[in-house]
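A.B. asks: Dropping the sequence and predicted coords here.
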Amino acid sequence: MQNFEQLGRELERRGKTRELQALAESEDGARLAAMLDTKKLERAAKEGDGDALRRMLGSVLSTEEGKRLAEGIQNLMK
């Protein structure tokens, strides 16, 4: 969870929060959000269940939408 918080702070520091929000609200972002079980995701995050979070992230990144969003985030970090 801390890594996501660090990523968020770094993107904010760089002034990239609007771009990140645009990625999240994109068509790909909406498709991925619909695929996720938000209750399971929230529970895993609250409990610090890294294995469950990695499995969920792996399933997201195995999709074409997930790959495009990950690439977009990488581009924001450059």
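C.D. replies: That came through fine. Numbering: from 1, shown residues only.
A.B. asks: And the contacts of whichever helix or strand Ala30 is part of?
C.D. replies: Using DSSP states H and E, the element containing Ala30 is helix 27-35. Residues from elsewhere that reach helix 27-35, judged by C-beta atoms under 8 Å, 6 or more residues apart in numbering: 23, 59-60, 63, 65-66, 68-69. From N, CA and C alone the C-beta is placed, and that goes for glycine too.
A.B. asks: Need the residues that contact the helix or strand that comes right after it.
C.D. replies: On the C-terminal side of helix 27-35, the nearest following helix or strand under DSSP H and E is helix 38-47. With C-beta under 8 Å, 6+ apart as the test, helix 38-47 has contacts from 1, 49, 52-53, 56.
A.B. asks: Identify the residues contacting the helix or strand following helix 38-47?
C.D. replies: As assigned by DSSP H and E, the chain's next helix or strand after helix 38-47 is helix 50-61. For helix 50-61, contacts defined as C-beta under 8 Å, 6+ apart pick out 32, 35-36, 40-41, 44-45, 66-67, 70.
A.B. asks: can you check stretch 6-24 too?
C.D. replies: With C-beta under 8 Å, 6+ apart, stretch 6-24 has contacts from 29, 69, 72-73, 76-77.
A.B. asks: By pLDDT, rank those and give me the bottom one.
C.D. replies: Ranked by pLDDT, these bottom out at Met77, which has 78.
A.B. asks: any idea how far that one lies from Ser26?
C.D. replies: For Met77, the distance to Ser26 (C-beta to C-beta, to the nearest Å) stands at 17 Å.
A.B. asks: just Arg18 next, same as before
C.D. replies: 13 Å.
A.B. asks: and the two? which has more neighbours close in?
C.D. replies: Ser26 (15 against 9; other C-beta atoms under 10 Å).
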